[in-house]
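Enquirer: sequence? don't have it. structure:
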């Protein structure tokens, strides 16, 4: 799992840091079985602060992230984001 996890995060960072205003992110919370639950919980532009948004606004967890550039999918993967530390501003 470590190599897959690392490759997924590396690909995500590459897209987030290279993104333009044409990249749109869709984030879905994952159920314990690894399947997306319902509709997306967050939609917005691709930018490097995405993991912090998921940590602070959604209290971390397991997510499916899809990033599109117009109609083209440029990233799709499951990520795990740690819960905020106690005392961290939310």
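Expert: Done, it's in. The model shown is predicted, which means the values in this text are computed figures rather than measured ones. Numbering: from 1, shown residues only.
Enquirer: Strands of this protein, start to end?
Expert: Assigned by DSSP state E, the strands in the chain fall at 23-29, 42-45, 61-69, 72-81.
Enquirer: any chance of those strands in a markdown table, plus distance to residue 7 and mean neighbour count?
Expert: Placement of C-beta: from N, CA and C, glycine included. Shown next, in a markdown table, are those (distance: least, CB to CB, whole Å; neighbours: other CB atoms under 10 Å):
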| stretch | distance to residue 7 | mean neighbour count |
| --- | --- | --- |
| strand 23-29 | 19 | 19 |
| strand 42-45 | 23 | 14 |
| strand 61-69 | 14 | 19 |
| strand 72-81 | 9 | 15 |
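Enquirer: Switch those strands over to a markdown table; also include mean pLDDT and distance to residue 53.
Expert: Putting those into a markdown table (pLDDT from 0 to 100; distance: least, CB to CB, whole Å) gives the following:
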| stretch | mean pLDDT | distance to residue 53 |
| --- | --- | --- |
| strand 23-29 | 96 | 8 |
| strand 42-45 | 94 | 7 |
| strand 61-69 | 96 | 10 |
| strand 72-81 | 95 | 9 |
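Enquirer: of all these, which lies closest to residue 54?
Expert: strand 72-81 (4.5 Å; CB to CB).
Enquirer: The closest one packs against which elements?
Expert: Under the contact criterion of 3 or more CB pairs under 8 Å, 6 or more residues apart in numbering; DSSP states H and E, strand 72-81 touches helix 2-18, helix 50-58, strand 61-69.
Enquirer: that older thread, adding distance to residue 51, write the strands of the chain out as JSON lines.
Expert: What follows is the strands of the chain, written out as JSON lines (distance: least, CB to CB, whole Å):
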{"stretch": "strand 23-29", "distance to residue 51": "11"}
{"stretch": "strand 42-45", "distance to residue 51": "12"}
{"stretch": "strand 61-69", "distance to residue 51": "9"}
{"stretch": "strand 72-81", "distance to residue 51": "6"}
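Enquirer: Of the ones you listed, which is nearest residue 14?
Expert: Of all the strands of the chain, strand 72-81 sits nearest to residue 14, with 8.4 Å by CB to CB.
Enquirer: Which residues does that closest one contact?
Expert: Contacts to strand 72-81, defined as CB atoms under 8 Å, 6 or more residues apart in numbering, come from residues 5, 8-9, 11-12, 15, 23, 30, 34, 51, 54-55, 58, 60-68.
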